[in-house]
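Participant: Coordinates for the following, if possible.
(one chain, ligands or ions: 1)
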Amino acid sequence: MAKGKENPVISTLWSAGCGSHGGCGCEIYVKDGKVTRIEGDKNHPFNQGRLCAKGLAVSQYMYHPDRVLYPLKRVGERGEGKWQQISWDEAYDTIEKKFKDIRAKHGAESVIFCQGTGRDIGGPITFLMYAYGSPNWVQVGLAGHACYTPRLGAMFATHGNYCVADCSQFLEKRYDSPEWTPPKYIIIWAQNPAAGCHDGFYGHWIIDCMKRGSKLITIDPRATWFSTRSELHLQNRPGTDGIIALAMLNVIINEGIYDKAFVEKWCYGFDELKERVQEYTPEKAEEISWVPADLIRQAARLYANNKPSAIQWGEPVDAMPAGSVVAQAITQLWSITGNIDNPGGNVIAINSHGVTTYPFSSAELTDLYGADLVKKLNEKRIGANDYPMIKNFRGWVQPDVLMEQMETGKPYPVKGAWIQTSNIIGGQAADPRRHYEAMKKLDFIVCVDIFQTPTTMALADIFLPVCSICEKESFRSWWQPLGVSVKAIPNIGESKSDWEINLEMAKRLATTPVKFNTVRELIDDRLSAGNTNFDKLKAKGGWEYPPVGHRTRPYYRYEKGLLRKDGKPGFETPTGKVELYSKKYEEWGLDPLPYYEEPKESPTATPEMAEKYPLILTTGRRSPVFFHSEHRMIPWLRELDPFPVAEINDKTAASLGIGDGDWVYVENTHGKIKMKAKVTPSSHPKVVSVPHGWWLPETDGRAPNFFSTWDHNVNNLTSMGNQGKSGFGGTNYRSGLCRVQKISGEKE
Ligand code: SF4
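Facilitator: Numbering: from 1, shown residues only. I've put the predicted structure just below:
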């Protein structure tokens, strides 16, 4: 690379730095071995030159003075903040010894492997966990697995694959692709895509579609940029999305505006669904959801009568008491209207070229290792035997059951934790104090991260420093395209990539020899499913779409025999059809048809509680400049969103004597937190909307303060143990109760 000159390296962003799951193509500009700036790659079809603020700020993240650059060993008590720098050899040796001791005394299952959603982490962490022999892979404290997994499970059960609104993202020529058509309507359901976590979907794609004629319907308790540009805004009570979906099904079925030919040929259980939705009239839905019946009818008619149309949904769907049931009902909307795997509808999303970073689903694990290993893992996997859907759908631990098991030690004790990309105490976990009390009693905890967080300060015995996206090689295969992340500069300090760390630990801890010597060998092994390798993809500009006719490329694959393992036309379900009456749910002991369940805390479910706490609390409002609990220390980003802010309706605020910018307590039966009030008419008068993951890295990180996480993290107002019947979905993340009160005399 020319010295003294700024040279671009073409790469893919999907990891430490910007953090989200997006996968933007980027140009990393390097001068004299240092990253000077990052810009969007105009040639990358996914983001077409655009990057969000987090991507643009990656250099501030990489060169931040608080970044941890060397392995650390705790030398004081947990929480005292006393650390000693150690070598990688000492760190690896210590972890190897401790984890082997735990395995010998208590079994490998006594170590849990804990991830958040940041970085390209799913692959490395499961790779290490299976090598060690533990079945316990978990997002600790994510009550009811309420982030995407309930939706994935519902789609898996209904039509065998995942779906996403089609904004042409599966085709390299994007909006110019001749086989693509813009959706006539896009329903934006419980999401603000401009600020979301980019689960393989970008808000600007909706704007691109709007420019090509797409119209919008928004279903959201909050007014957003998109809702104000929508033909209809269904401003519902948080937690009632399920009854809106059921009422829309009622209208579409009873008015006969579904796709009769598609239903006749490709759906199973239509009559049963028709019977079930009769009780869910728009009038009943109005009583429960606050949305006028007429608006629900209009939304159903516009969606069904204008094909193709698409639905783009968000995480609140998962956070209902019956997340996997709400998702099932929404999935049925695109199914009975024939808006599945059609251009401009909801397109089936399969990992690009069939490449996976590591096997996550039970089916993939069975393919790779055989049914015996999966059976063995399931015997000890926490929560698997309580919930058949957990056992048979995805290899996760059930987090609410884990919470109890950490406290009781039954049926076996949890002794150790490997925590990678996860800020349990400061962001991820519901009821973080309960998690803190339980986890600080574990014998040995390793944290792998970039910065100290409330979690690393409270729990880590060993801290392993990882590098940013610009310092490592990785790959991304989630949906499309298949892409590689290219190492642009040498690692800063002694940091290493997650893949490097986990490969080294896997070699030391595995019970059978690991077949890879280097990370590159491992990456190439995964990419070989797509008949490619790292160097080939890099030489092609860093990404590739599958060829025409490939099973991971749309459209109408159910007609062509591209979805089922047996190669027959149809969907990968027991009946080969879209199962409106779900055989899988039935097999798992669940109701095969959708129904409505009231949130656990609400004016109707808990009226006495509502007298004391009269407002609906909805948490997890996304900021466009932060990824969950990350980035609060990045100057450019913090300047854009400096405080934890509760949105309160202007009339409600006036009645409580609260002015814009006042500090307030948001309080419920679980406790209280401090937020700055944003007084706004865009909020429903009965709803308070609060962001998640707030802690203040500029404050004292030691116990008991832990960067002020107890004061500002809204998860202090949430609880564990409210999971849905499937083990998925639940708690009061999106629909709890609260009151708000001004804090007198509080200064900034
Ligand atoms: S955080 Fe922003 S820049 Fe990074 S991948 Fe996601 S959308 Fe792209």
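
Participant: Arg301 touches Glu255, doesn't it?
Facilitator: Yes: taking contacts as Cβ atoms under 8 Å, Arg301 lies within contact range of Glu255: 7.3 Å. Where C-beta positions appear, they are placed from N, C-alpha and C, glycine not excepted.

Participant: Enumerate the residues of the stretch 1-150 of the chain near the ligand.
Facilitator: With Cβ under 6 Å from any ligand atom as the criterion, the stretch 1-150 of the chain meets the ligand at residues 13-14, 18-20, 22-24, 51-52, 54-55.

Participant: That should have said the chain, apologies.
Facilitator: 13-14, 18-20, 22-24, 51-52, 54-55, 198.

Participant: give me that answer again for 5 Å
Facilitator: Proximity of the chain to the ligand (Cβ under 5 Å from any ligand atom) is limited to residues 13, 18, 20, 22, 24, 51-52, 54-55, 198.

Participant: List phi and psi for the residue of the stretch 351-500 of the chain found nearest the ligand.
Facilitator: Ranked by Cβ to the nearest ligand atom, the top residue of the stretch 351-500 of the chain for proximity to the ligand is Ile469, at 8.5 Å. In terms of degrees, to the nearest 10, the main-chain angles of Ile469 are phi -60, psi -30.

Participant: Can you give me the neighbour number for it?
Facilitator: Burial of Ile469 is recorded as 29 neighbouring residues (other Cβ atoms under 10 Å).

Participant: And it, how close does it get to Lys496?
Facilitator: For Ile469, the distance to Lys496 equals 13 Å [Cβ to Cβ, to the nearest Å].

Participant: for the chain, what's the longest helix?
Facilitator: helix 88-106 (DSSP state H).

Participant: and the very next helix or strand once past it, which strands flank it?
Facilitator: Note on helix 88-106: by DSSP states H and E, the next helix or strand toward the C-terminus is strand 111-115. If you go by DSSP bridges, strand 111-115 pairs up with strand 137-138 (parallel), strand 416-420 (parallel).

Participant: Make JSON lines out of those strands and add mean pLDDT.
Facilitator: Shown next, in JSON lines, are the strands paired with strand 111-115 (pLDDT from 0 to 100):
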{"stretch": "strand 137-138", "mean pLDDT": "94"}
{"stretch": "strand 416-420", "mean pLDDT": "98"}
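
Participant: Deepest in the core, which of those strands is it.
Facilitator: Mean neighbours per residue, mean count of other Cβ atoms under 10 Å, is largest over the strands paired with strand 111-115 for strand 416-420, with a mean of 26.

Participant: So which residues make contact with the next helix or strand after that one?
Facilitator: For strand 416-420, the succeeding helix or strand toward the C-terminus, using DSSP H and E, is helix 432-439. With contacts defined as Cβ atoms under 8 Å, 6 or more residues apart in numbering, helix 432-439 is touched by 140-141, 403, 406-407, 417, 424-426, 429, 445, 454, 458-459, 709-710, 713, 715-716, 720.

Participant: pLDDT on helix 432-439, on average?
Facilitator: Taken as a whole, helix 432-439 has a mean pLDDT of 98.

Participant: how big is the angle separating that helix from strand 416-420?
Facilitator: 130 degrees (axes from the mean of the first three to the mean of the last three Cα atoms, to 10 degrees).

Participant: Could you list the buried residues of helix 432-439?
Facilitator: Of all the residues in helix 432-439, those buried under the rule 16 or more other Cβ atoms under 10 Å are 432-436, 438-439.

Participant: Need the residues of the stretch 1-150 of the chain next to the ligand in TSV (columns: neighbour count, secondary structure and distance to Thr575).
Facilitator: Below are these laid out as TSV (neighbours: other Cβ atoms under 10 Å; DSSP: H, G, I helix; E, B strand; the rest coil; distance: Cβ to Cβ, whole Å):
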residue	neighbour count	secondary structure	distance to Thr575
Leu13	30	strand	41
Trp14	25	coil	36
Cys18	27	coil	42
Gly19	26	coil	40
Ser20	24	coil	37
Gly22	25	coil	36
Gly23	26	coil	34
Cys24	26	strand	39
Leu51	21	coil	44
Cys52	23	coil	42
Lys54	26	helix	43
Gly55	21	helix	44
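
Participant: helix, strand or coil for Pro124?
Facilitator: Under the three-state scheme (DSSP: H, G, I helix; E, B strand; the rest coil), Pro124 adopts helix.

Participant: one step back: out of the contacts of helix 432-439, which are buried?
Facilitator: Among the contacts of helix 432-439, those classed as buried by 16+ other Cβ under 10 Å are 140-141, 403, 406, 417, 424-426, 429, 445, 454, 458-459, 709-710, 713, 715-716, 720.

Participant: Which of these fall in strands?
Facilitator: 417, 445 (DSSP state E).

Participant: quick one: the spatially most central residue of the chain from Pro681, how far?
Facilitator: Nearest to the mean C-alpha position of the chain, counting by Cα atoms, centre = their mean, stands Cys147 at 4.8 Å. According to Cβ to Cβ, Cys147 stands 30 Å off from Pro681.

Participant: How about Glu601?
Facilitator: Glu601 is 26 Å from Pro681, by Cβ to Cβ.

Participant: Counting neighbours, go ahead and name the busier of the two.
Facilitator: Glu601 (24 against 10).

Participant: and that one, what is it in contact with?
Facilitator: Contacts of Glu601 by Cβ under 8 Å, 6+ apart are 609, 668, 732, 735-737.

Participant: By pLDDT, rank the residues you listed and give me the bottom one.
Facilitator: Among the contacts of Glu601, Asn732 carries the lowest pLDDT, at 88.

Participant: helix, strand or coil for that residue?
Facilitator: coil.

Participant: Surely Lys536 is within a helix?
Facilitator: Yes: assigned with three-state DSSP, Lys536 falls within a helix.

Participant: Look up the pLDDT of it for me, please.
Facilitator: We note a pLDDT of 97 for Lys536 in this prediction.

Participant: Could I get the full set of strands for the stretch 151-300 of the chain?
Facilitator: Taking DSSP state E, counting those that start in this stretch to define them, one finds strands in the stretch 151-300 of the chain at 162-165, 185-189, 215-219, 232-234, 267-268.

Participant: mean confidence for the helix or strand where Asp367 lies?
Facilitator: Asp367 belongs to helix 362-369 when assigned by DSSP H and E. Taken as a whole, helix 362-369 has an average pLDDT of 69.

Participant: i'd like the first residue to be 881 from this point on
Facilitator: All right, first residue 881 from here; so that's helix 1242-1249.

Participant: Check which element follows it along the chain.
Facilitator: Heading C-terminal from helix 1242-1249 (DSSP H and E), you reach helix 1251-1260.

Participant: Just list what the next helix or strand after that next one packs against, helices and strands only.
Facilitator: Per DSSP H and E, the first helix or strand lying C-terminal to helix 1251-1260 is helix 1268-1273. In terms of contacts (3 or more Cβ pairs under 8 Å, 6 or more residues apart in numbering; DSSP states H and E), helix 1268-1273 is packed against helix 1029-1039, helix 1242-1249, helix 1463-1467.

Participant: For stretch 1395-1411, what is the distance to the chain centroid?
Facilitator: Relative to the centre of its chain, stretch 1395-1411 is centred 26 Å away, using Cα atoms, centre = their mean, to the nearest Å.

Participant: could I get the residues of the chain next to the ligand as a markdown table with pLDDT?
Facilitator: What follows is the residues of the chain next to the ligand, written out as a markdown table (pLDDT from 0 to 100):
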| residue | pLDDT |
| --- | --- |
| Leu893 | 76 |
| Cys898 | 78 |
| Ser900 | 77 |
| Gly902 | 80 |
| Cys904 | 90 |
| Leu931 | 91 |
| Cys932 | 91 |
| Lys934 | 92 |
| Gly935 | 91 |
| His1078 | 68 |
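
Participant: Please identify which of those is nearest to Ile1066.
Facilitator: Set against Ile1066, the nearest of the residues of the chain next to the ligand by Cβ to Cβ is His1078 (16.6 Å).
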